[in-house]
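Enquirer: My questions concern the predicted model and sequence given below.
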Amino acid sequence: MKRTAAHNFWVRLTVLATIAGILYSSWPLGYVLNPTVNRSGLASALEALHQPYNWVFISGDVSSSLLMVLVSWLLWRHYHTLKRRLFLSFVLVNMLLFSLGTILDTLLPERCLPGTLNCPSWQHDPLLLTHGICSIAASVALFLALLVIWWRNRTPLFYSLMIGYTIFGLLSLYEAVMPNKGNFSQHYYITLCSVGLAIIPYGVHRTFQERESASPPKKSKS
């Protein structure tokens, strides 16, 4: 009964996290709502000021982040009384940093698209610098959370995720040296992050389940 309740709990949270991942990976809608920017610009350009339907992409990122805050709180409430609180705290703090960074990044949109004339550089536009810092900080926080979960759960699923991150690194290097830069690596990375968000509840649940399975059974009193 107890194991069934724990299973149902992480399944429900996985549904919430999957919804958050889908909302976070809203860039495919750009091919319909803003195809010109989506084909050549970064995903953040879809949220830039005065872009058509930018509110769709802004709402998706903010809603995704708020859902992950909810998931983090529910995970803490369920597992914080058990051992491995350091693991749980590290994962959830990084998830909160990811959510906060994504919200700030989204609510500080680009004022003009890269490559457009008269776009100020980050030295002359503090909001652009803040936008970049928040975006990078959110990405690093999510990666650290997933890295620790992988370290505790070296299953094919989490190995595949780490391989996915390695492929992203190689794609980034390839696009950095190519004269015609595209946005494939960023779209790939956003999708990878969405998968990572979806499997966080399972990773946390499995870590604590492994702990309980490894614990010796209690001796009954005679």
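Expert: Cool, the structure landed. Numbers count the residues shown, from 1 in each chain.
Enquirer: ok, the nearest residue to residue 193 once chain neighbours are set aside - contacts?
Expert: Distances taken as CB to CB, 6 or more residues apart in numbering place residue 142 nearest to residue 193, at 5.9 Å, with adjacent residues excluded. C-beta: built from backbone N, CA, C; applies to glycine. Residue 142 is in contact with 94-95, 98, 193, 196-197, counting by CB atoms under 8 Å, 6 or more residues apart in numbering.
Enquirer: Can you give me the buried ones in the helix or strand harbouring residue 142?
Expert: Using DSSP states H and E, residue 142 falls within helix 126-152. Neighbour-count burial for helix 126-152, counted by 16 or more other CB atoms under 10 Å, picks out 128, 131, 134-135, 137-139, 141-146, 148-150, 152.
Enquirer: What of stretch 59-68?
Expert: Buried residues in stretch 59-68, counted by 16+ other CB under 10 Å: 60-62, 64-65, 67-68.
Enquirer: List the residue ranges of the protein that fall below the pLDDT cut-off.
Expert: Counting by pLDDT under 70, the chain shows low-confidence ranges at 1-3, 111-126, 179-181, 211-222.
Enquirer: which residues in it form strands?
Expert: Counting by DSSP state E, one finds no strands in the chain.
Enquirer: where do the helices sit along it?
Expert: 2-24, 30-33, 35-40, 54-79, 85-107, 126-152, 156-177, 184-214 (DSSP state H).
Enquirer: out of those helices, nearest to residue 48?
Expert: Closest to residue 48 of these is helix 54-79 (CB to CB; 6.4 Å).
Enquirer: Please name every helix or strand in contact with the closest one.
Expert: Packing partners of helix 54-79 (3 or more CB pairs under 8 Å, 6 or more residues apart in numbering; DSSP states H and E): helix 2-24, helix 85-107, helix 184-214.
Enquirer: tell me, what residue is most central in this structure?
Expert: residue 193 (4.4 Å; CA atoms, centre = their mean).
Enquirer: what's near enough to touch it?
Expert: Contact analysis of residue 193 by CB under 8 Å, 6+ apart lists 21, 24-25, 139, 142.
Enquirer: and these as CSV, adding distance to residue 187?
Expert: CSV is the format used below for these (distance: CB to CB, whole Å):
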residue, distance to residue 187
21, 14
24, 12
25, 9
139, 14
142, 16
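Enquirer: Thanks again, I'm all set now.
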